[in-house]
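A.B. asks: the following comprises the amino acid sequence and a computationally predicted model.
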Amino acid sequence: MNRDYSLDKVRNFGIIAHIDAGKTTTSERVLFYTGMTHKIGEVHEGETVTDWMEQERERGITITAAAITCFWNPTYKPKGQKPEYRFNVIDTPGHIDFTAEVKRSLRVLDGAVVVFDGVAGVEPQSETNWRYADDGNVPRICFINKLDRTGASFERSYASILDRLTKNAVRVQIPIGLEDKFEGVIDLLKMKAFYFEGNMGMTIREEEIPAEYLDEANKYRAELVEKVVEQDDTLMAAYLEGKEPSFDDLKATLRKATLAVKLVPVFAGSALKNKGVQLVLDGVVDYLPSPLDIPPVHGIDPKTGGEIYRNASDTEPFAALAFKLQNDPFVGQLTFFRVYSGTVEAGTYLYNSTTGEKERLGRIVRLQADKREEVKKVFAGEIAAAVGLKSAKTSHTLCDETNPIILDPIKFVAPVVSLRIEPKTKADQEKMGMALKKLSDEDPTFVISSNTETGESIVSGMGELHLEIMVDRMKREFGVEVNVGKPQVAYRETILGTAEAEHKYIKQTGGKGQYGHVKLTIKPMEKIEEGDKIPKNVKRYEDFEFIDSIKGGVIPQEFIPAVEKGVHEAMDRGIVAGFKMVNISCELTFGSYHDVDSSEIAYKIAASQAFQEAAKKAKPVILEPIMKVEAIMPEQFMGDVTGSLSGKRGQIEGMDERGMLRVIHAKVPLSEMFGYTTDIRSMTQGRGSVMMEFDHYEVVPPNVEKQIVESRK
């Protein structure tokens, strides 16, 4: 079986945006115009294809990233031909509570279409998504949507992209009219006007630019040409001599600059009014990368620990990354994977290099959101899902056993909100464990733990909505009814000073005794720059560093892991109020052992006790999550909202205008923000709203620490 689309004709891209920017509406148009659906599903009618979960349709928001395979023939190609390009599209959530879906999607996609609300411009989640795309060096194009709305402004939205995201954005289109007079778009490369007519804007009419827009179009085209020729010395030299670059040269140079993330083309339109989406799809073909345009994927050889790379080619050894699990009511567990190199066939065995296990790949499906198309073989550069893999989890590498590779894992943000849950009945108790495991496998930011003292189950997530949806899914998908406690903040503890402590654990109980003796030095963990060499005696984790400085074998090497384990366990229990400790560097400097009585358990206990003694002397403090808050309201309510945020220990960082509304930017502790959505509505007669996302952890003030400690007693 051969591939039906060559690699240069494949585009893997995501549609990312802040909540309510029109992402899913845009995705539905993509499906319609590429012929995958014959009717456009609308978010407000609860009939979309990509938002297929019950909770998504009820709430009109995207919760889980949906993958779609579709096919496109650019509008400038002759009509009636077989589609020339295959698109693997992922529609991602816009709500901050489901940010993990965006992060994992961007990890496996080659490019992104970033959608903006033409009224609001750049919003908080736009910035977060942009940062994730920057982290992965993902090429992107922008689509300023909703230009038909009252208060829409292409120029204001474009300015917000330049101001808050990147100076490299460049207009390739401008709108013809705005709000209810929005008619079409002007292409600044072709210098033509485009109108969208007929059923659902299917008929595209190309015209000369209306006389009243000609000066504006010439001005912005000159800006575009200048930015593009700057990217190529030959074009620049010719341009300075007064030669106008050709359309093909401009387009090729803009593509090259977009792939290198040096320029970001900006498109205009209204997905809801069926204007401009087809030209954005042309932009995907023209400017976003094929798998051949991205650098070879990087990984580690599990046998040698050395760096290895895989090129996007069917002839290279098979390597794929599992990036998402999904529980499907009809076929069981689906494991979504992106193939970076090689091919794989249904019925063969996969090697999971992360766990070292082999598993049979029974069936492979290609995804049309909630529908499945079974395929026999998947090629390099494609995205598909395996049915029924037992051991594969998010971030695991699936590869060829004779040429193993471990690909870089996806890093997720730690959860900041916790809830206590308990089953309503004995029958629910048996099902709850299974439901929690499946949901946490699906979503790495949904973490399950138990309180060792009370035996209660604690679930943690990215926000109140995230946990609310998970509890709802337990009920609907798994039939589990639970009682839920109040949301709790995920506090952390750390140390501000340096201290050392020594502990001997000696126990004689007739016969073999126990002997463990360690000396530890602890201090705050220092940041290291990318590329810094980590010494061999240092084990570095995200929030913890263990340094083995034992000389001359005063503690046998086989007991060192037990010392580290003892420190880990003490950190999990905390010192001040029982919260997990983070950002600590622990050095094992001295100790001793007994030929007969020394054991792993003895060193673990000794290390745990020594760590606790040292931590008490090292200025331990409680850390709390601080949220980046954006409150939006009419001007007359600004005083009330500013006062209420300041009263919640908030730091007001700035204010700006958004059309007729005013926006307050602030940093506020999460503990003060529970239920604030309701508060701001009542303060603003229902006309205000608030958006929050996690920003950083900060030391709590002494009076707040005292309250937290007392509440834990």
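C.D. replies: Perfect, thanks for sending it. Numbers count the residues shown, from 1 in each chain.

A.B. asks: leaving out chain neighbours, which residue sits closest to the most centrally placed residue in the chain?
C.D. replies: Relative to the mean C-alpha position of the chain, the nearest C-alpha, by Cα atoms, centre = their mean, is the one of K103, at 1.8 Å. Closest residue to K103 apart from its sequence neighbours, by Cβ to Cβ, 6 or more residues apart in numbering: Y132 at 5.3 Å. In this view, the C-beta of every residue, glycine as well, is placed from N, C-alpha and C.

A.B. asks: that neighbour touches L106, doesn't it?
C.D. replies: Yes - with contact defined as Cβ atoms under 8 Å, Y132 counts as touching L106 (5.1 Å).

A.B. asks: ok, these two, which is more surrounded?
C.D. replies: L106 (25 against 20; other Cβ atoms under 10 Å).

A.B. asks: pretty sure the more buried one sits in a helix.
C.D. replies: Yes - using DSSP: H, G, I helix; E, B strand; the rest coil, the assignment for L106 is a helix.

A.B. asks: pLDDT score for the residue nearest to the centre of the chain?
C.D. replies: On pLDDT, K103 comes in at 72.

A.B. asks: so who does Q612 touch?
C.D. replies: 570, 575 (Cβ atoms under 8 Å, 6 or more residues apart in numbering).

A.B. asks: name the helix or strand for it, please.
C.D. replies: In this assignment (DSSP states H and E), Q612 forms part of helix 600-617.

A.B. asks: now S460
C.D. replies: Element membership for S460, per DSSP H and E: strand 457-461.

A.B. asks: averaged pLDDT, whichever helix or strand comes after that strand. What do you get?
C.D. replies: Sequence order places helix 464-478 as the next helix or strand after strand 457-461, per DSSP H and E. The average pLDDT within helix 464-478 is 82.

A.B. asks: now do helix 464-478: distance to the chain's middle.
C.D. replies: In terms of Cα atoms, centre = their mean, to the nearest Å, the centre of helix 464-478 is set 20 Å apart from its chain centre.

A.B. asks: got the angle between that helix and strand 457-461?
C.D. replies: If you take axes from the mean of the first three to the mean of the last three Cα atoms, to 10 degrees, helix 464-478 sits at 120 degrees to strand 457-461.

A.B. asks: what are the buried residues along helix 464-478?
C.D. replies: The neighbour-count check on helix 464-478 (16 or more other Cβ atoms under 10 Å) flags 464-471, 473-474, 478 as buried.

A.B. asks: dump these to CSV, plus distance to Y76.
C.D. replies: Formatted as CSV, those follow (distance: Cβ to Cβ, whole Å):
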residue, distance to Y76
E464, 48
L465, 43
H466, 43
L467, 48
E468, 47
I469, 42
M470, 46
V471, 50
R473, 44
M474, 50
F478, 50
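
A.B. asks: relative to helix 600-617, how tilted is the following helix or strand past the helix holding Q612?
C.D. replies: Downstream of helix 600-617, the first helix or strand assigned by DSSP H and E is strand 620-634. With the same axes, to 10 degrees defining the directions, strand 620-634 sits at 60 degrees from helix 600-617.

A.B. asks: so which elements touch strand 620-634?
C.D. replies: Contacts defined by 3 or more Cβ pairs under 8 Å, 6 or more residues apart in numbering; DSSP states H and E place strand 620-634 against strand 492-495, helix 638-646, strand 661-669, strand 689-699, helix 702-711.

A.B. asks: rerun that using 10 Å as the cut-off
C.D. replies: helix 124-135, strand 492-495, helix 638-646, strand 651-658, strand 661-669, helix 676-683, strand 689-699, helix 702-711 (3 or more Cβ pairs under 10 Å, 6 or more residues apart in numbering; DSSP states H and E).

A.B. asks: output the ones you listed as a markdown table; include the columns distance to S457 and mean pLDDT.
C.D. replies: Compiled in a markdown table, the helices and strands packed on strand 620-634 are given as follows (distance: least, Cβ to Cβ, whole Å; pLDDT from 0 to 100):
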| stretch | distance to S457 | mean pLDDT |
| --- | --- | --- |
| helix 124-135 | 30 | 79 |
| strand 492-495 | 20 | 95 |
| helix 638-646 | 34 | 93 |
| strand 651-658 | 35 | 88 |
| strand 661-669 | 26 | 91 |
| helix 676-683 | 26 | 83 |
| strand 689-699 | 23 | 85 |
| helix 702-711 | 20 | 90 |
